[in-house]
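Asker: Return atomic coordinates for the entry below.
(one chain, ligands or ions: 2)
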Amino acid sequence: MSDYQALHDASLQDQPGFWLEAARQIHWYQEPTVALDDADAPFYRWYPDGKTNACYNAVDLHVNTGRAEQTAIIYDSPITGSAAKLSYRDLQQRVQQVAGMLADSGIIAGDRVIIYMPMVPEAIIGMLACARIGAIHSVVFGGFAANELAVRIDDCTPKAILAASCGLEPGRVVEYKPLLDSAINTATHKPDTCFILQRPQAAASMVDGRDVDWTDAETRATPASCVEIDANHPLYILYTSGTTGQPKGVVRDTAGGIVSLKWTMKNIYGAEPGDVYWAASDVGWVVGHSYIVYAPLFHGNTTVLYEGKPVGTPDPGAFWRVISEHKVKVLFTAPTAFRAIKKEDPNGEYLKKYDTSCLESLFLAGERCDPDTLSWAEEKLAVPVIDHWWQTETGSSICTNFLGVEVLPIKPGSPTKPAPGYDLDVLDAQGNSCPAGEIGALVARSPLPPGTFSTLWGAPERYVSSYFATFPGYYETGDAGYIDEDGYVFVMSRTDDVINVAGHRLSTGAMEEVLAAHPDIAECAVMGAADALKGQIPVGLLVLNSGCSRSHDDICTEVVQRVRDEIGPVAAFKKVTVVTRLPKTRSGKILRATMRAIADGEDWKMPATIDDPTILDEIGESLGQIGYPQQS
Ligand code: COA
Ligand code: AMP
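Answerer: Ligands and ions are numbered 1, 2, ... in the order given. Just a heads-up that it's a prediction; the model follows:
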């Protein structure tokens with residue numbers, strides 16, 4: 001039996017034993033005696049009687065065990081032309097001051113703190129400072145608009161917000177403070193305090209009595225020590241897109257998060273303490289939480305915090321420069337980043353300028369990895385390129401390869417095999433297992449392993465109805481795919497209205513809500529169409545109110561701006577057209593899958609239930625006018 005198979009079998013045959021053993025690798029104030037409490041399934045509780053602290057495991061533990069002078073964070077910011085290194089000792093000093101700053105303003109364990117920050121060290125310091133005192137952080141990605149921030153403020157009711165005066169995108173300064181002020185004005189809940197980090201690129205104006213200068217407050221603060229935290233106390237809430245405009249607040253508990261992430265570093269990524277690990281993502285996404293911040297720090301690695309893009313900052317050699325300059329051993333990013341580099345430098349000329357021999361592996365996730373991109377990366381970098389499948393809900397990979405256990409042969413298009421604790425199956429609509437090779441709903445038998453979400457913030461019923469109701473006894477991933485006769489998993493598409501744009505998970509339903517609110521629009525549909533760079537991009541079809549005689553171009557421009565203002569530029573909503581009607585079934589359901597197939601240039605069949613087949617010709621023409629199907 002292969003090493004991988006033995007490991008995976010052990011994780012399913014004796015789940016509690018397997019995860020209690022893994023739990024020995026972390027620091028506890030009180031070791032758990034029980035692995036799993038399943039009395040209130042599907043609300044499983046891992047390590048219910050343990051006590052630990054995520055910040056202690058990420059920072060103080062290393063200072064106390066000989067890594068104080070090792071670099072913990074390399075901040076590399078081509079967009080500002082600056083760079084900095086923080087040792088574990090430096091990090092401890094900053095984190096205890098910022099934790100003190102929060103505590104001095106009355107924040108205690110269980111209080112929520114929103115973090116709305118660009119990719120600067122203070123974003124990580126803020127997260128760890130919350131963890132240090134048991135405050136629950138909720139990081140909001142900087143590319144979201146004020147309205148999205150307001151929705152999150154009302155949902156998790158933070159006592160404080162940590163923000164910076166601005167973020168930087170190529171060619172423009174994104175002022176965060178006006179967005180923050182507008183979000184707080186819109187929200188019903190008001191935070192007591194906003195700590196504002198003033199960056200030199202833009203000065204934020206302060207609101208008296210509410211806003212506090214971060215640097216002053218940090219300097220004045222009384223340093224705070226780590227507090228003992230119950231294992232199931234939430235470490236953070238991270239909002240992710242569902243099928244509606246109301247995002248889902250994924251809750252990760254403390255101990256499960258530490259144990260599972262620590263386990264992955266050696267076994268999946270093959271990383272040893274001291275190695276340099278770089279996740280080229282953003283702290284606002286789950287990949288950033290897990291692999292820019294927590295996992296590498298739990299494992300005593302050096303993590304790279306990169307404020308830049310794969311191309312344009314300044315050129316498609318940016319990643320190779322960072323790898324060679326900082327001796328990166330493992331790189332983790334989204335396939336879209338590699339597609340962007342490949343598009344600008346197909347022959348890898350920029351790669352030749354740098355010595356990247358330190359790199360031992362590349363991990364890709366966030367969206368389906370097309371075999372072309374995988375083989376280009378393999379050929380150019382000459383290292384294993386591992387596609388692994390992930391969700392915000394799971395916090396680490398569901399399927400992957402295992403560099404520290406056994407490197408399984410790679411099948412392009414597959415994220416390989418299930419991680420420990422994942423008992424995967426493919427079910428048809430009736431809940432029966434599909435034979436090998438047949439597509440169905442990808443599900444995992446409950447319980448999920450430690451580190452996966454414990455509930456949705458303030459919405460336990462939605463946790464059950466969204467994930468555990470369709471197939472009793474299973475977690476429904478929301479992805480469709482198949483498992484082949486060798487046990488390799490293939491993830492093909494979503495089963496809901498979620499799309500993946502440049503590795504960012506977005507809701508077409510949320511975009512439809514914005515479009516539908518436009519006064520001239522009677523009906524609309526947004527779907528994800530294939531895009532050579534971003535994987536998918538949203539495409540909108542609008543039906544105008546009868547009698548509306550306004551210019552179609554004006555209306556399209558207005559709705560594009562509305563999505564940008566209400567959801568954010570990250571939605572990349574630019575393609576929209578007006579049609580006379582939407583194709584529907586006789587019972588009134590919009591035929592999104594057929595429209596998507598037309599937009600993608602795929603073969604499609606006339607749905608038997610369509611109310612008026614002629615409408616599809618018009619849809620095809622309208623999509624053609626805005627560039628679909630794309631010419632490769
Ligand atoms: N703050 C404010 N705006 C942001 C932002 C942020 N943190 N991140 C992105 N945006 C904006 C961009 O400036 C862009 O605005 P524009 O429409 O005015 O040009 C818009 O949101 C769309 O951004 P993006 O999807 O990133 O597209 P891009 O064309 O700027 O860059 C890539 C394309 C491929 C280079 C980029 O998506 C990338 O680096 N992807 C890496 C993948 C990744 O990090 N995935 C995360 C999950 S692992
Ligand atoms: P997020 O929660 O933002 O991480 O997005 C999770 C979704 O991204 C999954 O449900 C999949 O649809 C998609 N996804 C992530 N990684 C992969 C992968 N390796 N292959 C295919 N789809 C993926």
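Asker: near ligand 1, which residues of the stretch 251-400 of the chain show up?
Answerer: For the stretch 251-400 of the chain, the residues in contact with ligand 1 (C-beta under 6 Å from any ligand atom) are 281-282, 285, 287, 309-311, 333-334, 336-337, 340, 366. Quick note: C-beta positions are derived from backbone N, CA and C, even for glycine.
Asker: run the last query once more with 5 Å
Answerer: 281, 285, 287, 309-310, 334, 336-337, 340, 366 (C-beta under 5 Å from any ligand atom).
Asker: and stretch 567-584, which residues are buried?
Answerer: 567-573, 575-579, 582-584 (16 or more other C-beta atoms under 10 Å).
Asker: picking that back up, nearest to ligand 2, of the residues of the stretch 251-400 of the chain next to ligand 1?
Answerer: Ligand 2 lies nearest to Gly366 out of these, by C-beta to the nearest ligand atom, at 5.1 Å.
Asker: Give me the neighbour count for the closest one.
Answerer: Residues near Gly366, counting by other C-beta atoms under 10 Å, number 24.
Asker: Now do the same contact list for the closest residue to it other than its chain neighbours.
Answerer: Leaving aside its sequence neighbours, Gly366 sits nearest to Gly503 (C-beta to C-beta, 6 or more residues apart in numbering; 3.3 Å). By C-beta atoms under 8 Å, 6 or more residues apart in numbering, Gly503 lies in contact with 281, 285, 334-337, 365-367, 535.
Asker: Which ones among those map onto helices?
Answerer: 335-337 (DSSP state H).
Asker: Name the member of those with the most neighbours.
Answerer: Busiest of the ones in helices among the contacts of Gly503 [other C-beta under 10 Å] is Pro335, holding 26 neighbours.
Asker: do you know how far the closest residue to that one other than its chain neighbours is from Trp389?
Answerer: Of all residues not flanking Pro335 in the chain, Cys369 sits nearest, at 4.4 Å (C-beta to C-beta, 6+ apart). With distances taken as C-beta to C-beta, to the nearest Å, Cys369 is found 9 Å from Trp389.
Asker: Common neighbours of those two, please.
Answerer: Pro415.
Asker: Now the top helix by length along the chain: average pLDDT?
Answerer: The single longest helix within the chain, with elements called by DSSP H, is helix 88-104. Here helix 88-104 scores 98 as its mean pLDDT.
Asker: would you put the C-alpha positions of that helix in CSV?
Answerer: Extracted C-alpha coordinates of helix 88-104, given in CSV (Å, rounded to 0.1, in the frame of the first residue of the first chain):
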residue,chain,number,x,y,z
TYR,A,88,10.0,36.8,15.1
ARG,A,89,11.2,39.1,18.0
ASP,A,90,10.2,42.2,16.1
LEU,A,91,6.9,40.6,15.3
GLN,A,92,6.3,39.8,18.9
GLN,A,93,7.1,43.4,20.0
ARG,A,94,4.7,44.9,17.4
VAL,A,95,1.9,42.4,18.0
GLN,A,96,2.0,42.8,21.8
GLN,A,97,1.8,46.6,21.4
VAL,A,98,-1.1,46.4,18.9
ALA,A,99,-2.9,43.8,21.1
GLY,A,100,-2.4,46.3,24.0
MET,A,101,-3.8,49.1,21.8
LEU,A,102,-6.9,47.1,21.3
ALA,A,103,-7.2,46.1,24.9
ASP,A,104,-6.6,49.7,26.0
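Asker: and it, how far out from the chain's middle?
Answerer: The chain centre lies 26 Å from the centre of helix 88-104; the measure is C-alpha atoms, centre = their mean, to the nearest Å.
Asker: who does the following helix or strand past that helix touch, helix- and strand-wise?
Answerer: Next in sequence after helix 88-104, counting helices and strands by DSSP states H and E, comes strand 112-116. On a contact count with 3 or more C-beta pairs under 8 Å, 6 or more residues apart in numbering; DSSP states H and E, strand 112-116 meets helix 121-133, strand 136-139, helix 146-156, strand 160-164, helix 176-186.
Asker: so where's the stretch 301-450 of the chain uncertain?
Answerer: Applying pLDDT under 70 to the stretch 301-450 of the chain flags no residue at all.
Asker: Which parts of it are strands?
Answerer: 302-306, 328-333, 361-364, 385-387, 399-400, 417-418, 424-427, 440-445 (DSSP state E, counting those that start in this stretch).
Asker: can you tell which of those strands is closest to Ala6?
Answerer: strand 417-418 (12.8 Å; C-beta to C-beta).
Asker: Establish whether that closest one and ligand 2 are in contact.
Answerer: No: Strand 417-418 stays clear of ligand 2 (C-beta under 5 Å from any ligand atom), getting no nearer than 12.7 Å.
Asker: Give me the sheet partners of that strand and which way each runs.
Answerer: strand 399-400 (antiparallel) (DSSP bridges).
Asker: Give me the contact list for the strand it pairs with.
Answerer: Taking C-beta under 8 Å, 6+ apart as the rule, strand 399-400 contacts 268, 363, 386, 388-389, 414-419, 422, 424, 489, 491.
Asker: Ok, stretch 593-601 next?
Answerer: By C-beta under 8 Å, 6+ apart, the list of residues contacting stretch 593-601 reads 525, 527-530, 539, 541, 583, 603-604, 607, 610, 616, 619-620, 623, 628-630.
Asker: Work out the gap between stretch 227-247 and the centre of the chain.
Answerer: That offset, for stretch 227-247, works out to 13 Å (C-alpha atoms, centre = their mean).
Asker: I'd like the C-alpha coordinates of it written as PDB, please.
Answerer: C-alpha atoms of stretch 227-247 as PDB (Å, rounded to 0.1, in the frame of the first residue of the first chain):
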ATOM      1  CA  VAL A 227      -4.600  34.800  26.800                       C
ATOM      2  CA  GLU A 228      -5.700  31.200  27.200                       C
ATOM      3  CA  ILE A 229      -8.400  30.600  24.600                       C
ATOM      4  CA  ASP A 230     -10.900  27.700  24.500                       C
ATOM      5  CA  ALA A 231     -10.300  25.500  21.500                       C
ATOM      6  CA  ASN A 232     -13.600  26.200  19.900                       C
ATOM      7  CA  HIS A 233     -13.500  30.000  20.400                       C
ATOM      8  CA  PRO A 234     -13.700  31.600  16.900                       C
ATOM      9  CA  LEU A 235     -10.300  32.700  15.600                       C
ATOM     10  CA  TYR A 236     -11.900  34.600  12.800                       C
ATOM     11  CA  ILE A 237     -14.900  35.300  10.500                       C
ATOM     12  CA  LEU A 238     -14.200  35.500   6.800                       C
ATOM     13  CA  TYR A 239     -17.100  36.400   4.500                       C
ATOM     14  CA  THR A 240     -17.500  34.600   1.200                       C
ATOM     15  CA  SER A 241     -19.900  34.800  -1.600                       C
ATOM     16  CA  GLY A 242     -23.100  32.700  -1.600                       C
ATOM     17  CA  THR A 243     -25.900  32.700  -4.000                       C
ATOM     18  CA  THR A 244     -27.400  36.000  -2.800                       C
ATOM     19  CA  GLY A 245     -26.100  39.500  -1.900                       C
ATOM     20  CA  GLN A 246     -25.800  38.500   1.700                       C
ATOM     21  CA  PRO A 247     -22.300  37.000   2.100                       C
END
